[in-house]
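Engineer: dropping the sequence and predicted coords here.
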Amino acid sequence: MTSCEEMLERMPAVAMGDAQWTEEEALHLAGCASCQAEWSLIRNAVAVGSQVPMLDLEKTGAAVLARLRAERQASRWRRAGWLTGLAAAAAVVLVVWGRGPHQHPARVHEVFRIPVAELDSLDNGELESVLQDLDAPIGAGTLNSTPGLGDLDDVQLERLLRSLEG
Amino acid sequence: MPVPASPTPPDDADLVRAYQGGSEAAATELVRRHGAPVARFLVGLGADYADIDDLVQETFFRAFRRIAGWRGDAGFRSWIFTIASNLLKDEHRRRKARRSVPLEDHDLPSRDNPESAFALRETERRLVAALQTLPRLQREVFLLRAQQGIEYPEIATTLGTTAGAARVHFHHAVKRLKEMIA
């Protein structure tokens, strides 16, 4: 004999049309007020949301994909911007540090050999101009008159010139 | 990468793999397949009809963004229901302070059959209101089982409980809803 508990377990499948009541279950339902109340509840639960206006799922899918593409693009731009910023900051730090009062003259050559994309793309004249801008007091000075270079001996100066000339 | 061609339609796992391999058509098929059940589930959880379109879109957006998080131990549909549920919880929290219950256009009966549509909407409103009084786990177990027809083992995997506990939650929910609605 079918119990009320077994009836409840069968209700979702029957309410969704995936199964049908057996004769015994139908008899039980007809004579059991508690199961009738549960059956009504489950049928109402299945119907919840059935009046939601028809969604245009093609449009929804397209909108989702467009958002995902936009997010991926934004993420690429953020990453690229971050790397460029980092490279530029590294270039400035290296140049300033390399030209600063605490810099050991013997390391000048090493500093300029570090492959920083922005510096690599400059020609010698542009590099010299960058150095002048960084070192010279505003509005004055040339590479030769920069105080930091005066601290280098001939060999170190020769090495620096070679690095500038490639 | 195209949706895999096979004599039987690809299952959800096939579509997810195809999407991960770059197939946007696979993602569209997943939306087409599960969009309507997600919408109904959201209504059961108390979402306004007017918000359903946006909520469904946001649910799938979040799902595809973290698709690697679906390991296939629960069905894709069950997994997406948990995303929808968390989304709605966030939305409710955000709107709580300014929330009211106006009678909006979508609450009005349909012109085709105003009386039956109104009765159906009223029945739904009462059931959804009663569902909101249940603990979250009970409410979700009830909807997954009664509205979506999902079996206890899968409900258990989805909600992080056991099949036995899910069954008890379902019976508790039915008992309480019966008392509230009768």
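Structural biologist: All right, it came through fine.

Engineer: can the helix or strand of chain B with the lowest mean pLDDT be said to contact chain A?
Structural biologist: Taking mean pLDDT, DSSP states H and E as the measure, the helices and strands of chain B show their lowest mean at helix B:114-132, namely a mean of 85. Yes: contact of helix B:114-132 with chain A (CB under 8 Å from any CB of the partner chain) involves B:117, B:120-121, B:123-124, B:127-128. C-beta coordinates here come from the backbone N, C-alpha and C atoms, glycine included.

Engineer: same thing with stretch B:163-182?
Structural biologist: Yes: applying CB under 8 Å from any CB, one finds that stretch B:163-182 is in contact with chain A at B:171, B:174, B:177-178, B:181-182.

Engineer: buried among the residues you listed? Make that a PyMOL selection.
Structural biologist: Burial among these is assessed by 16 or more other CB atoms under 10 Å in any protein chain shown; the matching PyMOL selection reads:
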select buried, chain B and resi 171+174+177
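
Engineer: from the residues of stretch B:163-182 next to chain A, which ones fall inside strands?
Structural biologist: Cross-referencing those with the strands (criterion: DSSP state E) gives no overlap at all.

Engineer: lowest-pLDDT helix or strand in chain A?
Structural biologist: In chain A, compared on mean pLDDT, DSSP H and E, the secondary structure element with the least confidence is helix A:108-113, at a mean of 49.

Engineer: what residue in chain A comes nearest to chain B?
Structural biologist: Using CB to the nearest CB, A:G49 is the residue of chain A that sits closest to chain B, at 3.1 Å.

Engineer: circling back: from the residues of stretch B:163-182 next to chain A, which is closest to A:D123?
Structural biologist: B:L177 (79.2 Å; CB to CB).

Engineer: for the closest one, give me its contacts.
Structural biologist: Taking CB atoms under 8 Å, 6 or more residues apart in numbering or on different chains as the contact definition, B:L177 lies against A:41, B:127, B:130-131, B:134, B:142.

Engineer: check B:V56 too.
Structural biologist: For B:V56, the contacting residues are A:55, A:60, B:35, B:38-39, B:42, B:84, by CB under 8 Å, 6+ apart.

Engineer: same check on A:A47?
Structural biologist: Residues counted as contacts of A:A47 (CB under 8 Å, 6+ apart) are B:120, B:123-124.

Engineer: 7 Å instead?
Structural biologist: Each residue near A:A47 by CB atoms under 7 Å, 6 or more residues apart in numbering or on different chains is listed here: B:120, B:124.

Engineer: cool, A:L57 as well?
Structural biologist: Listed by CB under 7 Å, 6+ apart, the contact partners of A:L57 are B:31-32, B:35.

Engineer: now do 10 Å
Structural biologist: For A:L57, the contact set (CB atoms under 10 Å, 6 or more residues apart in numbering or on different chains) comprises B:28-29, B:31-36, B:38-39, B:56-57, B:60.

Engineer: before we move on, what about B:D90?
Structural biologist: Taking CB under 10 Å, 6+ apart as the definition, contacts of B:D90 comprise B:E58.

Engineer: and the pLDDT for it?
Structural biologist: Looking at B:D90, its pLDDT is 89.

Engineer: backbone dihedrals for it, both of them.
Structural biologist: In terms of degrees, to the nearest 10, the main-chain angles of B:D90 are phi -60, psi -40.

Engineer: okay, now the unreliable bits of chain A?
Structural biologist: Scanning chain A for pLDDT under 70 picks out A:1, A:99-122, A:126-127, A:129-150, A:160-161, A:164-166.

Engineer: same question but for chain B, I mixed them up
Structural biologist: When residues are selected by pLDDT under 70, those of chain B lie in B:1-6, B:96-115.

Engineer: all helices for it, in order.
Structural biologist: Counting by DSSP state H, chain B has helices at residues B:12-20, B:24-44, B:52-65, B:76-95, B:114-132, B:136-142, B:152-159, B:163-181.

Engineer: please apply the same query to chain A.
Structural biologist: Ranges of helices in chain A, per DSSP H, are A:4-15, A:23-31, A:33-47, A:57-99, A:108-113, A:117-120, A:124-135, A:154-165.
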